[in-house]
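1. Provide a 3D model corresponding to the input given below.
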Amino acid sequence: MSSEQNPVAPETVDPRPRRLTYAALLAALEGLALVAGGVWMLVEGLTGEPDDRQSAVTGGVTLVVLALLPLLAARGLLGQRSWSRGPAVITQIMALPVAYNLLQADSIAIPAGIALAVVAIAALVLLVNGETTRALGIRGPGNAEK
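-> Numbers count the residues shown, from 1 in each chain. Presented below is the predicted three-dimensional model:
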């Protein structure tokens, strides 16, 4: 039995546009940052001296679970799955208010807010780009197949 059950001719597979790859990488970066933040909160909540241990653990678990959205979206974008653009866009829209709140802080959080805003806006631009939507097979209004 061959290792290739369903061979696909190279000319039938569209190459993934760079913009789509970059959008996937930005979504994955956000997901990994959420995992890192969640693990850090969990470790601090369990081993440190937090003001409220239960809140620290809950926050850490929440961040790790929230990381699944951009990580799954990144995987789908790399696989050129049309469903993946929705979760990726939602992630970026959720990141913008977080970035704004970080920018309002009077601390070291300001650079983090700037970085998050830049990543979220860049990812949104990449996700709504025409090349990206065509690669994902997303058709606009009035372009549906009949």
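2. And the helices in this protein, which stretches?
-> Along the chain, the stretches classed as helices by DSSP state H are 18-47, 53-66, 68-78, 85-104, 109-128, 130-135.
3. Most tightly packed of these?
-> helix 68-78 (a mean of 21; mean count of other CB atoms under 10 Å). The way it works is simple: take the backbone N, C-alpha and C, and place the C-beta from them, glycine included.
4. got the CA coordinates for that helix in PDB?
-> Taking C-alpha atoms only, helix 68-78 is exported to PDB below (Å, rounded to 0.1, in the frame of the first residue of the first chain):
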ATOM      1  CA  LEU A  68      -6.700  28.300  22.100                       C
ATOM      2  CA  LEU A  69      -8.600  30.700  19.800                       C
ATOM      3  CA  PRO A  70      -5.700  32.400  18.200                       C
ATOM      4  CA  LEU A  71      -3.700  29.200  18.100                       C
ATOM      5  CA  LEU A  72      -6.400  27.300  16.300                       C
ATOM      6  CA  ALA A  73      -7.000  30.200  14.000                       C
ATOM      7  CA  ALA A  74      -3.300  30.300  13.100                       C
ATOM      8  CA  ARG A  75      -3.300  26.600  12.300                       C
ATOM      9  CA  GLY A  76      -6.400  27.000  10.100                       C
ATOM     10  CA  LEU A  77      -4.800  30.000   8.300                       C
ATOM     11  CA  LEU A  78      -1.700  28.000   7.600                       C
END
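5. Which secondary structure elements does it sit against?
-> For helix 68-78, the packing partners by 3 or more CB pairs under 8 Å, 6 or more residues apart in numbering; DSSP states H and E come out as helix 18-47, helix 85-104.
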